[in-house]
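**Q** Make a model of this:
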Amino acid sequence: MVIERSAASLQGGLSPIKQTQSSLEHDLDARAVIALDEAREMPAGDERTEAIHKAIVLRNAADLHKLLSGKRGAPGI
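**A** Okay, here's the model as predicted:
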């Protein structure tokens with residue numbers, strides 16, 4: 001079996017798909033941090049609870065993305 005690689009992926013080190021995944025990971029992580037910081041500054045109540053929940057959802061999305069993209073020590077395929 002022969003697997004061809006594009007010149008773009010060889011020259012750039014990472015394929016455009018991997019670069020997009022890294023960017024998405026970074027974006028989700030940054031949004032989770034910002035959401036949690038904003039929630040911590042809010043007074044106690046329903047709005048703060050909802051904001052903390054949003055931060056947790058964003059953090060879980062970032063963690064899930066890392067897991068599914070094989071960035072946690074999973075062997076490459």
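**Q** can you give me phi and psi for Pro43?
**A** For Pro43, the backbone dihedrals (degrees, to the nearest 10) come out as phi -70, psi 160.
**Q** All the strands of this protein, in order from the start?
**A** With strands called from DSSP state E, the chain shows none.
**Q** low-confidence ranges in it?
**A** Scanning the chain for pLDDT under 70 picks out 1-22, 71-77.
**Q** In it, spot the helix with the most residues.
**A** In the chain, assigned by DSSP state H, the helix with the most residues is helix 16-40.
**Q** What residues sit buried inside that one?
**A** Within helix 16-40, the residues that count as buried by 16 or more other CB atoms under 10 Å are 21, 25, 28-29, 31-32, 35-36, 39. In short, each C-beta sits where N, CA and C put it, glycine included.
**Q** Equivalent analysis for stretch 45-58, please.
**A** So for stretch 45-58, counting by 16+ other CB under 10 Å, buried means 51-52, 54-55, 58.
**Q** returning to what we had before: ok, the buried residues of helix 16-40 vs Gly70, which is closest?
**A** In terms of CB to CB, no member of the buried residues of helix 16-40 lies closer to Gly70 than Gln21, at 9.5 Å.
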